[in-house]
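# Attaching a predicted model along with its sequence, questions to come.
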Amino acid sequence: MCDCAGEAQQDAVKLVFKSGSQPGSFRSADLDTLVLQRFPKINKTNVRPDVVTIVRVAPQPGDTITLNNTSPFAQQGTTKLNGYSYRVRFLHHDPGRRNNAALALTIDSVQLRGSLEGNGCCTCYTNSYKAIYVRAGKDSAKATNSLVELPRQGAYIISK
């Protein structure tokens, strides 16, 4: 019997919103509505991003959002997670002002390496390297990319 449990999550990128009382932490109210945008890395003119809006009833800082080949966006053709760039926005609540979707994180690139490993009757995929190039925060258009290597089950912490 072949057991490749967890194979579908090997390339997943986990994002966690910083919690606590330190500067850069998110409030629960900031995380009730998240907007994720996915842009194809192949340059095509007039390509609109795929957009997923996640509305959460009881959000908590420290909650995890997972980007994977088939979630939260449906897979298109054979293009995998690393064929896109991503923007993560949160609905920022300012008292007395209109709510706006503030930029929390831009992932310019996802780097993945893995291989198929088998024992003769069963072959499963195993990820051996995962990294993201990120620009974080409000001024991400001016920021330079930072390479962040992620351990297999690790997560990237998003600061406000």
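Nice, I can see it. Just so it is clear, the structure is predicted and the values come from calculations on it, not from any experiment. Numbering: from 1, shown residues only.
# what's downstream of the helix or strand of the chain with the lowest mean pLDDT, the next helix or strand?
The helix or strand of the chain with the lowest confidence, counting by mean pLDDT, DSSP states H and E, is strand 146-149 at a mean of 84. Later in the chain than strand 146-149, the nearest helix or strand by DSSP states H and E is strand 155-158.
# follow-up on the earlier one: need the contact partners of the least confident helix or strand of the chain.
For strand 146-149, contacts defined as CB atoms under 8 Å, 6 or more residues apart in numbering pick out 129-136, 156. In short, each C-beta sits where N, CA and C put it, glycine included.
# check contacts around the spatially closest residue to residue 57 that is not a sequence neighbour.
With sequence-adjacent residues excluded and distances taken as CB to CB, 6 or more residues apart in numbering, residue 57 is closest to residue 32, at 7.8 Å. When contacts are counted by CB under 8 Å, 6+ apart, residue 32 touches 55-57, 59, 91.
# how close does residue 32 get to residue 85?
Residue 32 is 25 Å from residue 85, where distance means CB to CB, to the nearest Å.
# Same check on residue 135?
10 Å.
# shared neighbours of these two, anything?
With CB under 8 Å, 6+ apart as the test, residue 135 and residue 85 both reach 106, 108.
# Okay, and which of the contacts of residue 32 map to strands?
55, 91 (DSSP state E).
# which stretches of this structure have low pLDDT?
Residues of the chain that meet the criterion pLDDT under 70 lie in 1, 43-45, 61, 92-99, 136-144, 152-153.
# Where is the longest strand in it?
strand 100-118.
# by contact count, what packs against it?
In terms of contacts (3 or more CB pairs under 8 Å, 6 or more residues apart in numbering; DSSP states H and E), strand 100-118 is packed against strand 13-17, strand 84-92, strand 123-136, strand 155-158.
# and it, how far out from the chain's middle?
6 Å (CA atoms, centre = their mean, to the nearest Å).
# Identify each buried residue in it, please.
Neighbour-count burial for strand 100-118 flags 102-108, 110, 112 (criterion: 16 or more other CB atoms under 10 Å).
# As CSV, the residues you listed with distance to residue 28 would be great.
Formatted as CSV, those follow (distance: CB to CB, whole Å):
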residue, distance to residue 28
102, 15
103, 19
104, 15
105, 18
106, 23
107, 24
108, 29
110, 28
112, 32
